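K.L.:
one predicted model, sequence on top.
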Amino acid sequence: MCPIIASGLETPRRLKQKLQCVFCSQYSRGVFAIFGLYDKRSVHTLTSFCGALHISLITPSFPTEGESQFTLQLRPSIRGALLSLLDHYDWNKFVFLYDTDRGKYLHLCVLMCMTWQVSAICVEKFNDAAYRRLLEDLDRRQEKKFVIDLEAERLTNMLEQIVSVGKHVKGYHYIMANLGFKDINLERFMHGGANVSGFQLVDFSNPMVIKLMQRWNKLDQREYPGSDSPPKYTSALTYDGVMVMAEAFRNLRRQKVDISRRGNAGDCLANPAAPWSQGIDMERTLKQVWLQGLTGNVQFDHYGRRVNYTMDVFELKNNGPRRMGYWTDSDKLVLIQNEALNPNEIMENRTVVVTTIMEGPYVMLKKNWELYEGNDQYEGYCVDLASEIAKHIGIKYKIAIVPDGKYGARDPETKIWNGMVGELVYGKAEIAVAPLTITLVREEVIDFSKPFMSLGISIMIKKPQKSKPGVFSFLDPLAYEIWMCIVFAYIGVSVVLFLVSRFSPYEWHTEEPEEGTDGPPSDQPPNEFGIFNSLWFSLGAFMQQGCDISPRSLSGRIVGGVWWFFTLIIISSYTANLAAFLTVERMVSPIESAEDLAKQTDIAYGTLDSGSTKEFFRRSKIAVYEKMWGYMKSAEPTVFTKNTQEGVVRVRKSKGKYAFLLESTMNEYTEQRKPCDTMKVGGNLDSKGYGVATPKGSLLRTPVNLAVLKLSESGVLDKLKNKWWYDKGECGPTASGSKDKSSQALSLSNVAGVFYILVGGLGLAMLVALIEFCYKSRNEAKRMKVEAPTSEHHHPNQHHLPHHLTPSSPHPSCSNPRTSPQPSHSPGYSPGYSPGHSPSPSPSTQNVATCSEVFDGYGSNEDVKI
């Protein structure tokens, strides 16, 4: 029986004392060999005792480069394999992290063998905070390549801190300087995108290892704690060490070598030392052992070091460690070309986890989702898309809603990815089918397919109330400034026409009586274009109506021509816009673009707290977007929302005081959902696309990409969008779609102002007529009162006529010497006489004279027959 001792004491002096006690106790019992572990503090003490007393030490601890005669090192040196791998990657600058128990000597070997720039850091006494500070400092120094040589427990902690600060992504490369690459827990490290390499001593395809694993898996965990996880390479080295000692004793027995120890073995502390006489034979036999163990070929050289061994070289991929080659102490590094793996064969017996986010219309719960199970509980665009992709590549899948409800962004402090991107990066999902925007920062850690939908950032606001047509809505086709200019132009043209008519001799006319005639002068004015006629002419031309008068002079006609041309253009433009303004109910929006948002402060605006939209503004170098980002990040209360639904609710409840920046597709979809009170304004701020995401290096990347392209070319993607956006819309056709026929009919409210003007004009005309009548009647009454006494004085025998028939100034020709004096009641007199009618002449009248009397009642000339 070979006792196994372990030493791991605190202080060097105390360690040496206890180590002496333990070793001497075992030696005094007559041991043939010792199997044990050592560290850098105990290695020299232990090897010194063994060399002095000729007791062989078999150890799985790290190998020493010194020539220890009675020490057999089961663990092969990693030095040659590490140097070959560094040379293969062509590294010339990197960081070497080690602890004091191991790695320091390896680091010195690396420095001596090559002229590399190596930053060696001992992390033995580091805690979690110190690890993070170290990694952040190295990141500032642009250190991307690391060799890590740490004990298992410390290595696990170190890797966790690397993940926590986000240094496990594409661009970083790590080499694990130990012999158990598969023993390291790299689950969270798997899909980050960083290149991770290492060495594996135990070949799990070895028949001996397979047989052991079958027995291992049958062990009861209660009786054998730890049997639920595969044995580590240190356990395999221990197993091989026991096998080496057993084989050595069998060889000694076959050789009939007597190595029995009789009586007292002697004092291990004697001076001089009394070595075991058969110790050399035992050592020679142990070094001659050659067997196949769990760690491969087990063979030792003259100094007890492993020779003729093989270790595999692995790289970490998204589906686990993958063998990239092997290293031997004879052939050095040998790389193998991996055969192309069929993803269908890999996924044949697996269910792929598809991560997505609960966001309408992409993924939604069915109305009676409790009655369904699994994927049947969901519906939506992305649910149908995932089903189509699965059919094309032939896989089984399970939809998993992202727990934190986020798309995926990297925390600037911890460097940890959240949302669906984090699910892919940390190996919790294998495909993301969701409205996930393709961005540069995401492309660095995950792979995207070709876009299945194109979009851009847009602005959502609460739909303003439709402006009801006003009484004078017929004035809307032209701006008020134009109407004012038209009025001034009308007045100006009328004045100019009046002036040129006064100055031009061709606008004046006088009709002289013919020679030999003594007729009355013409009642036509010498110039027709007085100021009022000029205004009337301009108004008639503007209203596209005729007028009784027109310019006769060239200058007047020029004025009229340019005015007609002006009115032609104005009326045509007005008519063209009138139909649109009267049939469309316009909504006055306070915001029309991102520039409008940036200029004002009354309306708040924000984005999702985690997503590509926020990242767009954070990284933008455009002045407008930089200004918007400065406002958003400093606004109180915060303008960012946890999810899209929260942003939509905030827009609806803000009474127009909040604008939400989101993808145009979601904006268009929300605009089609009840209560139909949101709208998209302005154009898209950028152009981007949604893609199906897979982890870096995933075997599903190419099949998924081909499936998306095929769905796009066959028109399936367009059909899906029409199905979930418009066919199931709740707000009717959009403004860009077909309009309802009834929307083109004019209502009374659209043209009420025209009727008001008509009624008002008629009423005004009647009022003016009444005023004219009253005014003239009053003047006539005053005049009659003044002229009545005068008439009686000059014509005492003249009978009085009604005042409206009394001539204001009788013409001298009215007296006829042949007529007899008028009787008091002439037969031709009629009491019903009215202006404009000639009295009937008396039948007895022989001589008829015509008298032209001028009546001032309305300024007209009438002939009165007597």
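P.N.:
Here it is on my side, so go on. Residues are numbered from 1 along each chain as shown.

K.L.:
all helices of the stretch 651-800 of the chain, in order?
P.N.:
Using DSSP state H, counting those that start in this stretch, the helices of the stretch 651-800 of the chain run over 664-671, 701-713, 716-721, 748-794.

K.L.:
most tightly packed of these?
P.N.:
Comparing the helices of the stretch 651-800 of the chain by mean neighbour count (mean count of other Cβ atoms under 10 Å), helix 664-671 ranks first with a mean of 22. To be clear about C-beta, it is placed using only N, CA and C from the backbone, and glycine gets the same treatment.

K.L.:
quick one, which of the helices of the stretch 651-800 of the chain is nearest to residue 656?
P.N.:
Nearest to residue 656 among these is helix 664-671 (15.6 Å), distances taken as Cβ to Cβ.

K.L.:
could you give me the average pLDDT of that closest one?
P.N.:
For helix 664-671, the mean pLDDT works out to 88.

K.L.:
do stretch 432-442 as well
P.N.:
On average, the pLDDT along stretch 432-442 is 91.

K.L.:
cool, stretch 195-207 as well?
P.N.:
What stretch 195-207 shows for mean pLDDT is 90.

K.L.:
just stretch 535-548 next, same as before
P.N.:
Rounded mean pLDDT across stretch 535-548 is 83.

K.L.:
host element of residue 632?
P.N.:
Using DSSP states H and E, residue 632 sits in helix 623-634.

K.L.:
which elements pack onto that helix?
P.N.:
Counting contacts by 3 or more Cβ pairs under 8 Å, 6 or more residues apart in numbering; DSSP states H and E, helix 623-634 is packed against helix 594-599, strand 604-606, helix 612-619.

K.L.:
still on that earlier bit, the helices of the stretch 651-800 of the chain: which one's closest to residue 561?
P.N.:
Nearest to residue 561 among these is helix 748-794 (28.7 Å), distances taken as Cβ to Cβ.

K.L.:
what sits against the residue nearest to residue 353 when sequence neighbours are not counted?
P.N.:
In space, and not counting its chain neighbours, residue 353 is closest to residue 429: 4.5 Å by Cβ to Cβ, 6 or more residues apart in numbering. Going by Cβ atoms under 8 Å, 6 or more residues apart in numbering, residue 429 touches 353-355, 400, 420, 423.

K.L.:
circling back to that earlier point, JSON lines for the helices and strands packed on helix 623-634, including distance to residue 133?
P.N.:
Listed next are the helices and strands packed on helix 623-634 as JSON lines, based on distance: least, Cβ to Cβ, whole Å:
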{"stretch": "helix 594-599", "distance to residue 133": "39"}
{"stretch": "strand 604-606", "distance to residue 133": "34"}
{"stretch": "helix 612-619", "distance to residue 133": "25"}
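
K.L.:
any regions of the stretch 601-750 of the chain where pLDDT drops low?
P.N.:
Applying pLDDT under 70 to the stretch 601-750 of the chain flags residues 732-750.

K.L.:
one more pass at 50, please.
P.N.:
Counting by pLDDT under 50, the ranges of the stretch 601-750 of the chain that qualify are 735-743.

K.L.:
and if you look at the stretch 751-866 of the chain?
P.N.:
Where the stretch 751-866 of the chain drops to pLDDT under 50, the residues are 796-866.

K.L.:
what does the stretch 251-400 of the chain give?
P.N.:
Along the stretch 251-400 of the chain, segments meeting pLDDT under 50 span 263, 339-341.
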